[in-house]
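Asker: Here's my sequence, what's the structure:
(2 chains)
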Protein chains: 2
Amino acid sequence: MRNLGRAPRLHLDGPLARGAVVELGADRVHQLRHVLRLAPGAPVRLFNAESGEWWAELTRLDRRGGEARIVDRLRPPEPAIGPRLAIAPIRPNRLDWLIEKAVELGVGAVDLVLTQRTVVRPARIDRLLAIAVEAAEQCERLSVPPIGGPTELEVWLAGLPPGTRVVVADEEGGEPPLAALGRISDAILLVGPEGGFAPGERRRLAESPGIVRVGLGRRILRSETAALFLLVAHALAREEVRPSCP
Amino acid sequence: MRNLGRAPRLHLDGPLARGAVVELGADRVHQLRHVLRLAPGAPVRLFNAESGEWWAELTRLDRRGGEARIVDRLRPPEPAIGPRLAIAPIRPNRLDWLIEKAVELGVGAVDLVLTQRTVVRPARIDRLLAIAVEAAEQCERLSVPPIGGPTELEVWLAGLPPGTRVVVADEEGGEPPLAALGRISDAILLVGPEGGFAPGERRRLAESPGIVRVGLGRRILRSETAALFLLVAHALAREEVRPSCP
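Answerer: Presented below is the predicted three-dimensional model:
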């Protein structure tokens, strides 16, 4: 069997199955032809959460497009789990970086939430999704987190299923994160804008039964750092609850 | 008393004391005159770990330079504590982000460590320090972590004081991070290069009595993400040991 370890990993939506011939989009074709300098016959790895990961052989790669024939499965499908992260938009370069890191850290979904003190125009979702796809390809995960919004905070809160718990990073302090995330499974992680939540929003959050405030210590963190802090805390709390074999 | 909350925070080496007149360097003068558009009479906040934080009034700000007269203290000095982070150099933009985030997360010092698989030319230390200073100014910390190196891994290991414990992120797994960081105070955090440690380096680390391998879960993390993971784990382990008042 070939050494597939260096074959590029490409996320591809849709069912993947032995023998299937899949078409590759124009962006992919450009990447494979001109950036990675591949040619027909070269192996690639195709994946998504529903079908798992398969290796395929490029059968066509030219100006008109690209195709690959799926050969065999490398990894079975996995349920796409991971915490949902809701964050107020931040400056594009910071948000790009956050999306990449969040994907590496296992985020399940990302919601952009508009707050009163949000001063940044939200980035284009398709661009953020492309960043998420690339990060997933690089870090060997099978799923790509959906990215939704932007949604007004009030609407976002109202749309949560009854009983949802939201762990919100509060600069004024709260429960220790490990304790909160250890006792709440399926918590949604919420991080406010750089300027913090406005007083009315804080009151609204305090009134919501599912909101759990956590403090991140005595430090002042930028929004994206607070988000990563919560994602790491979430991962560590899971290991505390069910220690994984190293 | 004036509202000093928006007065720019400027890290300044050297003793700060009531009534002292301090000179501001050319870069600072440029920043205050042309970027922040301040004028004599405007308040600024000057700080370092040894003297604490003081507010001062700009007394001179012109083409020839700048000066400020220190008025009163806002915060007492604090011991500059925080974990030392040793990391193999990574691409400049990623290293910049890491330095900024590490400062927000309370890193005490940063060592750049050269390994066999380090393919990146290390960035200029003075540039990284400037990033660390700016991050410290933005996140309200008093100390700026020193940044040292680059040093060959072997030399770095040999130079550690006897009895030093080094917690190293190992992609092949190890102890759960919270457990390791909870039982070891003053651990140095070590993160290898993108390609991982070379076999000889792994053997060398395994032979070092103070090395503790920790696993970061089933995920594949870039070096800078692993570094931030360890920094957050370090902070959370401290809260587990001595829960802080929110």
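Asker: May I ask you to name the longest helix in chain A?
Answerer: Looking across chain A with DSSP state H, the single longest helix is helix A:223-241.
Asker: Show me what that one is packed up against.
Answerer: strand A:84-87, helix A:92-104, strand A:166-169, helix A:177-183, strand A:188-191, helix B:92-104, helix B:177-183, helix B:223-241 (3 or more Cβ pairs under 8 Å, 6 or more residues apart in numbering or on different chains; DSSP states H and E). Backbone N, C-alpha and C define where each C-beta goes, glycine included.
Asker: For these, please prepare JSON lines with the additional fields distance to residue A:216, mean neighbour count and mean pLDDT.
Answerer: Below are the helices and strands packed on helix A:223-241 laid out as JSON lines (distance: least, Cβ to Cβ, whole Å; neighbours: other Cβ atoms under 10 Å in any protein chain shown; pLDDT from 0 to 100):
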{"stretch": "strand A:84-87", "distance to residue A:216": "14", "mean neighbour count": "24", "mean pLDDT": "97"}
{"stretch": "helix A:92-104", "distance to residue A:216": "15", "mean neighbour count": "22", "mean pLDDT": "95"}
{"stretch": "strand A:166-169", "distance to residue A:216": "6", "mean neighbour count": "23", "mean pLDDT": "96"}
{"stretch": "helix A:177-183", "distance to residue A:216": "7", "mean neighbour count": "20", "mean pLDDT": "93"}
{"stretch": "strand A:188-191", "distance to residue A:216": "10", "mean neighbour count": "26", "mean pLDDT": "96"}
{"stretch": "helix B:92-104", "distance to residue A:216": "10", "mean neighbour count": "22", "mean pLDDT": "95"}
{"stretch": "helix B:177-183", "distance to residue A:216": "16", "mean neighbour count": "20", "mean pLDDT": "93"}
{"stretch": "helix B:223-241", "distance to residue A:216": "8", "mean neighbour count": "24", "mean pLDDT": "90"}
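Asker: For residue B:146, which of those is the nearest?
Answerer: Closest approach to residue B:146 among those (Cβ to Cβ): helix B:92-104, 11.6 Å.
Asker: wait, does the closest one make contact with chain A?
Answerer: Yes. On the criterion Cβ under 8 Å from any Cβ of the partner chain, helix B:92-104 is in touch with chain A at B:97, B:101, B:104.
Asker: is it true that the last one touches residue A:221?
Answerer: When you say that, I think you mean residue B:104. Yes. Contact criterion Cβ atoms under 8 Å: residue B:104 and residue A:221 qualify, at 5.4 Å.
Asker: any shared contact partners between these two?
Answerer: residue B:139 (Cβ atoms under 8 Å, 6 or more residues apart in numbering or on different chains).
Asker: Around chain B, which positions in chain A sit nearby?
Answerer: Residues of chain A lying near chain B by Cβ under 8 Å from any Cβ: A:97, A:101, A:104-106, A:138-141, A:172-178, A:215, A:217-222, A:225, A:228-229, A:232-233, A:235-236, A:239-240, A:243-246.
Asker: what sits against residue A:100?
Answerer: So residue A:100 contacts A:131-132, A:134-135 (Cβ under 8 Å, 6+ apart).
Asker: which pair in the residues you listed spans the largest distance?
Answerer: Among the contacts of residue A:100, A:132 and A:134 lie farthest apart (Cβ to Cβ), at 7.4 Å.
Asker: excluding its backbone neighbours, what's nearest residue A:92?
Answerer: Sequence neighbours aside, residue A:123 is the residue nearest to residue A:92 in space, at 5.1 Å (criterion: Cβ to Cβ, 6 or more residues apart in numbering or on different chains).
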